[in-house]
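> Below is the sequence, then the predicted model.
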Amino acid sequence: MSLLTDLSIAVAAGKRPDTIRLTQELLAGGTSPQDVVEQGLVPGMAVVGEQFRRNEIFVPEMLVAARAMKEALKLLEPLLAQAGIKPKYTVVIGTVQGDLHDIGKNLVSMMWKGANFAVVDLGTNVSAERYLAAAREHNAHLVGLSALLTTTMPAMKETVRLLKAANLPNVKIMVGGAPITQAFADEIGADGYSADAGSAVSTALRLMGEAA
Amino acid sequence: MNARTALLRQELARRPLLCDGATGTQLQLLGLAPGACGELWAVDHPERLQQVHQAYLSAGADLLTTNTFGGTAGVLGPHGAGGRVRELNAAAARLARRIAGERAWVLGDVGPFGGMLEPLGESLPDDVAAAFREQITALLEGGADAILVETMSDPAEAVLAVAAAKACGAALVFVTFTFQQSPRGYRTMLGTSAAEALAAVLAAGADVVGANCGTALSLADYERLTAELVAAAHGHPVIVQPNAGSPKLVDGKICYDESAAQFAEAAPRFLAAGARIVGGCCGSTPAHIAAMAKLVRG
C-alpha cells in the first residue's frame, strides 16, 4: 500500500497523529503538496462522506476526521500558497436569513474543505443580498444555502430568486437542511439539493460539471 | 413533590395521557416573523401565546408545554435576550400554568443549548449545566409541574439537563430524543441508539422517556421506534411526539402533509406498542391533537 493510501485511511479514521506523520513523510519523500491533498486527504474525506451518507457513521466520526484533515492542511497550506496553487473551485456557504443554526452548515463546509474547495463561510442569518455580494466578490462557482427552521424556508426561496435574477454566469445554487426536500429545491429553482453533508461534495461536483 | 405533580404521576399509571402539539407553527399563524424569537412572546404578546395554550387545552391535551424551547442564555443571546432567561421562562411558565388550571399539567420545556459539548464542540459541561439550571429554576418558579428536556441528540447533553432539573428540585423529568434512520436502526444525529440514549438519562434520574420530532421518520417508523423505546424504558412511561409529516411550501406558506385524521389514527397504534403519552411535534395543530383525543379517549 502506498503512503498516500495510508494517509487516506488515517484521515477517514480520524487518526490525527498518523495523519500528521504521514503528511510529513510524504512531503519529505518528495510528493508535491498538491498530490498529498488530492490523492491523500480528498479520497479519505470522500470515504467519510459516503459512510455518513449511508448513515454508517455519524456526526462524531465526521468531526474527528475533519479535525485530522485540518491538522494536515496546516502543514500543507503554506506550501500550496508558496507554490501559488489554489483550489479549483470556490464555494460560498451560509445559513439563510432568520435562521441561526449552524451545525448542518458547518458539516457541509467541512466536507467541502475536505474536497479541496476554497470555502467562504458567511455564517448564519445571511441575507439574500450578502450571498449575492459574496458570490460576486469571490467569483464563486457555487452558493450553498442551509436552513433548519421550516419558518426560514421562504427566506431560502427569496435568496434563490435574487441569485437567479442577478444572472451570474456559472454560479450554481445548492440547498439543504433538515426540512428541505428535493421537491422543495425544485420548486424554488435551486440547481441542486443535498440530503446530508455526506452527499454535499458529490452533488457540488456534479453541479460544477465534474463526473461524480 | 407538590400535590399536582403527585397527581400527574398517578394519572400516568392509570391512563394514557395526551400532550399538546407544535407551538412554533401556531405562533407563526398568529404573526411571529420567520426566525424571530418566539420566547419573547411570553412578555410581548402573552394574549397570543395564551390563545395557543387554550386551543390545545380545548383540543383535549392533558399536558401543555411552555413556549421556552430556546430559553437558555446561549440561544436567547443572539436575539439580544441572553440576560432575560429568568424573566422569559418564568413568564412563559406562569402563563401556561394559568391556562392549565386544574384541567392540565404544565411541562417546562427545555430544548438543546444550541452548541456541541466538548470534545466534539467547544462547550464545557459545567457551563452548559449552569445554563440549564438557570432556565429550569425559572420554569419551576413560574409554576411548571414537570420538566421536559426535548429534541436531544447527545445523551451527554440530555444527562446534564436531567441533572440540572433534579438539582433545581423538579419532581418529575421527561426526556425526548430525536432520531433518524440508519442501517443499524434508529439513531440520533450523533449515532446514539434508543437503548443507549434512554439508558443514559434513566441512570441520571429521568422519569418519563421517549422521542419527538425526527428526520424523515414516518408514522410507521414511529410505531417501530415506540416498541424500541418501550423495551429500553424498563417500565418507565414512554412519550412519543412525531412530526405531522414533512414540511412543504404551498403558496409561500409552510404546510405539513399529514392530515389531522391520518396523524391521529397512528396514536392508538403507539399506545398498543406501549407508549403512555402521545402528542405532536413540528406541523401538528390543535386539530391534530383534538382528533387524537377522540381516538385515544373513545
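Alright, I've got the coordinates.

> Contacts only, for the spatially most central residue of chain A.
Nearest to the mean C-alpha position of chain A, by CA atoms, centre = their mean, lies residue A:112 at 1.6 Å. Residues in contact with residue A:112 (CB atoms under 8 Å, 6 or more residues apart in numbering or on different chains) are A:91, A:93, A:119, A:144, A:200-201, A:204. (Glycine included, C-beta is placed from N, CA and C.)

> hmm, 10 Å instead?
A:45, A:49, A:87, A:89, A:91, A:93, A:118-119, A:121, A:142, A:144, A:197, A:200-201, A:204 (CB atoms under 10 Å, 6 or more residues apart in numbering or on different chains).

> May I have the helix or strand that contains residue B:135 as PDB, with CA atoms only?
Using DSSP states H and E, residue B:135 sits in helix B:125-141. What follows is helix B:125-141, C-alpha atoms only, in PDB (Å, rounded to 0.1, in the frame of the first residue of the first chain):
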ATOM      1  CA  PRO B 125     -20.100  20.700  30.600                       C
ATOM      2  CA  ASP B 126     -20.100  23.000  33.700                       C
ATOM      3  CA  ASP B 127     -21.200  26.000  31.500                       C
ATOM      4  CA  VAL B 128     -24.000  24.000  29.900                       C
ATOM      5  CA  ALA B 129     -25.200  22.600  33.200                       C
ATOM      6  CA  ALA B 130     -25.300  26.200  34.600                       C
ATOM      7  CA  ALA B 131     -27.300  27.400  31.600                       C
ATOM      8  CA  PHE B 132     -29.800  24.600  32.100                       C
ATOM      9  CA  ARG B 133     -30.100  25.300  35.800                       C
ATOM     10  CA  GLU B 134     -30.800  29.000  35.100                       C
ATOM     11  CA  GLN B 135     -33.600  28.100  32.800                       C
ATOM     12  CA  ILE B 136     -35.100  25.300  34.800                       C
ATOM     13  CA  THR B 137     -35.100  27.400  38.100                       C
ATOM     14  CA  ALA B 138     -37.200  30.000  36.300                       C
ATOM     15  CA  LEU B 139     -39.600  27.400  34.800                       C
ATOM     16  CA  LEU B 140     -40.200  25.900  38.200                       C
ATOM     17  CA  GLU B 141     -40.600  29.400  39.800                       C
END
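
> anything in that helix near chain A?
No. With CB under 10 Å from any CB of the partner chain as the criterion, chain A is not reached by helix B:125-141; the gap is at least 15.2 Å.

> Which strands or helices does that helix pack on?
In terms of contacts (3 or more CB pairs under 10 Å, 6 or more residues apart in numbering or on different chains; DSSP states H and E), helix B:125-141 is packed against helix B:73-76, helix B:85-100, strand B:105-110, strand B:146-152, helix B:155-167.

> what packs against the first one?
The reference is to helix B:73-76. The contact analysis (3+ CB pairs under 10 Å, 6+ apart) places helix B:73-76 against helix B:85-100, helix B:125-141.

> follow-up on the earlier one: pick the one among the contacts of residue A:112 closest to chain B.
Taking CB to the nearest CB as the measure, chain B sits nearest to residue A:197 out of these, at 10.8 Å.

> Am I right that the closest one falls within a helix?
No. Checked against DSSP: H, G, I helix; E, B strand; the rest coil, residue A:197 lies outside a helix; its state is coil.

> okay, now the closest residue to it other than its chain neighbours: neighbour count?
Nearest non-adjacent residue to residue A:197, counting by CB to CB, 6 or more residues apart in numbering or on different chains: residue A:107, 3.7 Å away. Using other CB atoms under 10 Å in any protein chain shown, residue A:107 has 23 other residues around it.

> just the helices in chain A please.
Ranges of helices in chain A, per DSSP state H, are A:3-12, A:16-28, A:33-35, A:42-53, A:59-82, A:103-114, A:128-137, A:153-166, A:182-188, A:200-207.

> Would you mark the buried spots in the first one?
Just to be clear, that refers to helix A:3-12. Buried residues in helix A:3-12, counted by 16 or more other CB atoms under 10 Å in any protein chain shown: A:3-4, A:6-12.

> Just want to check the distance between the residue nearest to the centre of chain A and residue B:24.
Here the criterion is CB to CB, to the nearest Å. By it, residue A:112 lies 30 Å from residue B:24.

> Then residue A:44?
Residue A:44 is 40 Å from residue B:24, by CB to CB.

> For the two, indicate the residue with more neighbours.
Using other CB under 10 Å, the more surrounded residue of residue A:44 and residue B:24 is residue A:44, with 27 against 18.

> and that one, what does it touch?
Residue A:44 neighbours (CB under 10 Å, 6+ apart): A:4-14, A:19, A:65, A:68-69, A:72, A:114.

> how about a cut-off of 8 Å?
A:7-12, A:65, A:69, A:114.

> These: which two are farthest apart?
A:9 and A:114 (14.5 Å; CB to CB).

> Sketch out the low-pLDDT regions of the chain for me.
I'll assume chain A. A:1, A:211-212 (pLDDT under 70).

> wrong one, chain B
B:252, B:298.

> What residues does it have near chain A?
B:24-25, B:28, B:32-36, B:78, B:116, B:120, B:180-184, B:187-191, B:215, B:246-249, B:252, B:254, B:282-283 (CB under 8 Å from any CB of the partner chain).

> let's see it at 7 Å
Contact residues (CB under 7 Å from any CB of the partner chain) of chain B with chain A: B:28, B:34-35, B:78, B:120, B:181-183, B:187, B:189-191, B:215, B:246-249, B:252, B:254, B:282.

> and those residues, which are buried?
Buried subset of these (neighbour count, 16+ other CB under 10 Å): B:28, B:34-35, B:120, B:181-182, B:187, B:189-191, B:215, B:246-249, B:254, B:282.

> Now, these that are in helices?
residue B:28.

> Strands - which of the buried ones among the residues of chain B next to chain A land there?
B:247-249, B:254 (DSSP state E).

> quick one: residue A:115 and chain B, what's the gap?
Taking CB to the nearest CB, to the nearest Å as the criterion, residue A:115 is separated from chain B by 22 Å.

> give me phi/psi at the residue of chain A positioned farthest from its centre?
No residue in chain A has its C-alpha farther from the mean C-alpha position than residue A:29, which lies at 29.2 Å (CA atoms, centre = their mean). Backbone torsions of residue A:29, given as degrees, to the nearest 10, read phi -80, psi 0.

> For the residue nearest to it when sequence neighbours are not counted, which residues are in contact?
Once flanking residues are discounted, residue A:29 sits nearest to residue A:3: 7.2 Å by CB to CB, 6+ apart. Counting by CB atoms under 7 Å, 6 or more residues apart in numbering or on different chains, residue A:3 touches A:22, A:25-26.

> ditto for residue A:90
Listed by CB under 7 Å, 6+ apart, the contact set of residue A:90 reads A:117-118, A:120, A:138-141.

> Tell me which residue of chain B lies closest to chain A.
Taking CB to the nearest CB, chain B has residue B:35 as its residue nearest chain A, at 2.1 Å.
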